[in-house]
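Student: Generate coordinates for the sequence data below:
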Amino acid sequence: MGFQIITLMENTSPTDCLAAEHGLSLLIQGEGRRVLYDTGASPRFLHNARSMGVDLRGVDALVLSHGHYDHTGGAAALLTGELRPRTVYLGPDFFGERYTTRQDGLLDISSALERETLERSGVPWAVVGAEPLDLGGGLWLVSGFASTEELERPSPRMLRRVGGRMVTDPFTDEVAVVLEGREGLTLISGCAHVGILSMCARVSRLFGRPVTGFVGGTHLMAADDGRVRYTCGKLREMGVTRLGACHCNGERASAYFEEHFPGFFRNNVGSQVEVE
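Tutor: As a prediction, the model looks like this:
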């Protein structure tokens with residue numbers, strides 16, 4: 001027994017038959033559980049699922065990693081259609097306004113899913129806190145992360161509106177999925193805005209077991225060479241042996257991992273990863 005992670009949407013696709021976009025959507029299934037993690041930047045992940053022969057009926061939960069458009073763009077289409085999940089899970093303050101700075105001003109990157117749409121759908125929803133939430137079968141949800149590595153401190157370019165003023169976004173609400181395997185844990189992240197090392201370290205402490213696998217975004221696309229090298233070496237030191245970094249990892253970091261991390265693989269649209 002074990003789990004399977006199917007990538008329904010990601011930035012790159014190995015075939016013209018499957019769409020790609022700046023976004024992420026993963027289907028996690030196994031041990032009697034089916035969880036959809038994020039919905040990309042648009043409903044195109046639904047088309048990819050159909051093209052791949054992936055049936056999204058009867059999904060137990062939709063987990064939204066954080067309130068950015070590229071992870072929530074297809075959520076409204078899912079929740080108002082025939083494939084509605086049984087429950088939706090998201091982090092605290094998910095619906096707050098979020099921005100990134102550009103040379104000519106602020107770009108709104110808030111959730112594409114509005115609270116009213118979620119409430120009108122009739123699908124029950126719950127907020128994931130700092131304590132691990134057990135979905136059964138060795139599948140957990142965890143939030144409440146914080147940057148503990150100096151190189152992973154919050155970016156001043158990523159902002160959110162709090163009480164009428166702009167503040168640096170700490171992303172303490174990001175929700176990750178943790179899968180329990182025979183020899184270790186697999187951590188699944190939407191963007192790892194607080195830092196992949198900080199997230200792996202906290203999950204390992206919470207569960208008392210090493211994180212041996214990671215799948216998802218790392219937000220290293222703007223990292224300098226020093227941070228990429230340090231992250232690669234530290235992950236290996238921590239015991240991570242499989243690394244499916246994608247989405248916001250960036251081509252430069254991916255190329256470095258491909259050369260220096262023996263367990264790295266490019267997790268593109270259509271990839272299917274087995275976790276035992």
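
Student: Name the SS class of residue 62, please.
Tutor: strand (DSSP: H, G, I helix; E, B strand; the rest coil).

Student: burial count for it?
Tutor: Neighbourhood size, residue 62 [other C-beta atoms under 10 Å]: 27. Quick note: C-beta positions are derived from backbone N, CA and C, even for glycine.

Student: which ones are touching it?
Tutor: 35, 36, 39, 75, 78, 79, 85, 87, 88, 89, 123 (C-beta atoms under 8 Å, 6 or more residues apart in numbering).

Student: Tell me who's in contact with the last one.
Tutor: Spelled out, it's residue 123. Per C-beta under 8 Å, 6+ apart, neighbours of residue 123: 62, 79, 84, 85, 86, 87, 88.

Student: what's the answer for the third one, then?
Tutor: Contacts for residue 39 (C-beta under 8 Å, 6+ apart) come out as 9, 23, 25, 45, 62, 64, 71-75, 77-78.

Student: swap the cut-off to 10 Å and go again
Tutor: Residue 39 is in contact with 8-9, 23-25, 45-46, 62, 64, 70-79, 112-113, counting by C-beta atoms under 10 Å, 6 or more residues apart in numbering.

Student: follow-up on the earlier one: list only those of the contacts of residue 123 flagged as buried.
Tutor: 62, 79, 84, 85, 88 (16 or more other C-beta atoms under 10 Å).

Student: which of the residues you listed lies closest to residue 260?
Tutor: Nearest to residue 260 out of those is residue 62 (C-beta to C-beta; 35.3 Å).

Student: and the closest one, bridged to which residues?
Tutor: residue 36, residue 88 (DSSP bridges).

Student: Now the most centrally placed residue in the chain: closest residue in space, sequence neighbours ignored.
Tutor: Central residue of the chain (C-alpha atoms, centre = their mean): residue 190, 1.4 Å from the mean position. Leaving aside its sequence neighbours, residue 190 sits nearest to residue 65 (C-beta to C-beta, 6 or more residues apart in numbering; 2.7 Å).
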